[in-house]
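Q: coordinates for the following, if possible.
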Amino acid sequence: MTKILSKTAPQSSAENSYLIAALYHFVPLEEIHEWQQKLIHICTKNHLFGTILIAHEGINGTIAGHPSEITEFVTWLYSQPEFKQTHIKYSEDSICPFHRMKVRLKKEIVTMGEPDINPAETKGVYVKPEDWNSLISSPDVLVVDTRNDYEVAIGKFAKAINPNTTSFREFPKWADDFASENQKAKPSKVAMYCTGGIRCEKSTAYMKKLGFEEVYHLQGGILNYFEEVPANQSLWQGECFVFDNRVSVDHELRRGSYQLCHACRHPLSDADLKSNAYLAGISCPHCITKTNSDQRKRFAERQKQIKLANKRGQKHIGASIKK
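A: Okay, the predicted model is just below:
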């Protein structure tokens, strides 16, 4: 199971570093507006940064703060009966990976657009990280990466299928097409993975709905695999995209080598940064042909304001909690 560390956050190895907690839990919730206010209060009290999503199906988010502040939040979260089984994974960085704190109400905590899919009722079989290598090395197992194409581009398990989706909403169509194309010879076993495990809760449930019987998913996702499996035994290739200012992490859960294009949000390699198409905050090789001159003018003005704010020693993006 994903490490919960006695229901408390681990202590950081560096006094001034930030502890980052990625969490989710599928649980029926009523009065989500009240939960939003409770979360705003506990996050404000502990000076946390990040994003938390609340829906009637559960909670999902990533937050960062000093170790003692994260510990306070985790202690409070596990004291709530609804969230005692919440999956939490930790990592660490010397810089806070978020600019502000947001607690948002959503229809889904991970958007698939399939209201009939309920992971609390049915989903694939969890596979512990230490058992994952053996499973995906078997020749009769189909491995599917449920993440988006820009995530897959910077790292994946070698034999995994890339559905080439740009958002998780596109996954059901890929699955429908795949099931139709392989109707006469469906793979006997399907193993699926994602960053932290939450997308697989829904994607494995959807695959079972389509008639795939033996469906498995990596418990706690790639981040948990990095935490539990030694790098010299790893079958992972590359880095793992994360949805914060770190952009990517390596197998040791350290900040990776990629930067983010602030125009299109695509991860950028060293080669991308050296491209003539790259202008900080304005364009990159992945988006320069997809934006028009008016958009690039707006991006250029935003980049100018960011530079001016930096000179004044201020954040261009506010640090206050937003409802």
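Q: and the closest residue in space to Leu268 that isn't next to it in sequence, its phi and psi?
A: Among residues not flanking Leu268 along the chain, Gln259 sits closest, at 4.9 Å (C-beta to C-beta, 6 or more residues apart in numbering). C-beta here means a position set from N, CA and C on the backbone, and glycine is covered the same way. Here is the backbone geometry of Gln259 (degrees, to the nearest 10): phi -120, psi 170.
Q: got the CA positions of stretch 167-174 in CSV?
A: Taking Å, rounded to 0.1, in the frame of the first residue of the first chain, the C-alpha atoms of stretch 167-174 are listed here in CSV:
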residue,chain,number,x,y,z
SER,A,167,-6.8,14.9,-22.1
PHE,A,168,-8.2,12.1,-19.9
ARG,A,169,-11.7,12.8,-21.5
GLU,A,170,-10.3,11.2,-24.7
PHE,A,171,-9.5,7.9,-22.9
PRO,A,172,-13.0,6.3,-23.2
LYS,A,173,-13.0,6.8,-27.0
TRP,A,174,-9.6,5.2,-27.3
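Q: where do the strands sit along the stretch 101-250 of the chain?
A: Here the stretch 101-250 of the chain has its strands, by DSSP state E, counting those that start in this stretch, at 101-105, 125-127, 141-145, 155-157, 189-193, 214-218, 236-238, 240-241, 248-249.
Q: make a markdown table from these and add mean pLDDT to it.
A: Output for these, formatted as a markdown table (pLDDT from 0 to 100):
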| stretch | mean pLDDT |
| --- | --- |
| strand 101-105 | 97 |
| strand 125-127 | 97 |
| strand 141-145 | 97 |
| strand 155-157 | 97 |
| strand 189-193 | 97 |
| strand 214-218 | 97 |
| strand 236-238 | 97 |
| strand 240-241 | 97 |
| strand 248-249 | 96 |
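Q: among the ones you listed, which is nearest Met112?
A: Nearest to Met112, of all the strands of the stretch 101-250 of the chain, is strand 189-193, at 13.3 Å by C-beta to C-beta.
Q: check which helices and strands the closest one sits against.
A: helix 129-137, strand 141-145, helix 198-209, strand 214-218, helix 221-228 (3 or more C-beta pairs under 8 Å, 6 or more residues apart in numbering; DSSP states H and E).
Q: partner strands of that strand, with direction?
A: Sheet pairing for strand 189-193, assigned by DSSP bridges, gives strand 141-145 (parallel), strand 214-218 (parallel).
Q: shaky segments in this protein?
A: For the chain, applying pLDDT under 70 flags the ranges 1-16, 313-323.
Q: could you pull out the helices for it?
A: Using DSSP state H, the helices assigned to the chain run over residues 32-45, 67-79, 129-137, 149-152, 171-181, 198-209, 221-228, 270-273, 293-311.
Q: so what does the fourth one touch, helix or strand wise?
A: This means helix 149-152. Where contact means 3+ C-beta pairs under 8 Å, 6+ apart, helix 149-152 is packed against strand 240-241.
Q: and the strand it packs on, how far from the chain's centre?
A: When C-alpha coordinates are averaged (C-alpha atoms, centre = their mean, to the nearest Å), strand 240-241 and its chain have centres 9 Å apart.
Q: one step back: for Glu121, which of the helices and strands packed on strand 189-193 is the nearest?
A: Taking C-beta to C-beta, helix 198-209 is the member of the helices and strands packed on strand 189-193 nearest to Glu121, at 8.0 Å.
Q: helices or strands next to the closest one in the packing?
A: On a contact count with 3+ C-beta pairs under 8 Å, 6+ apart, helix 198-209 meets helix 171-181, strand 189-193, strand 214-218.
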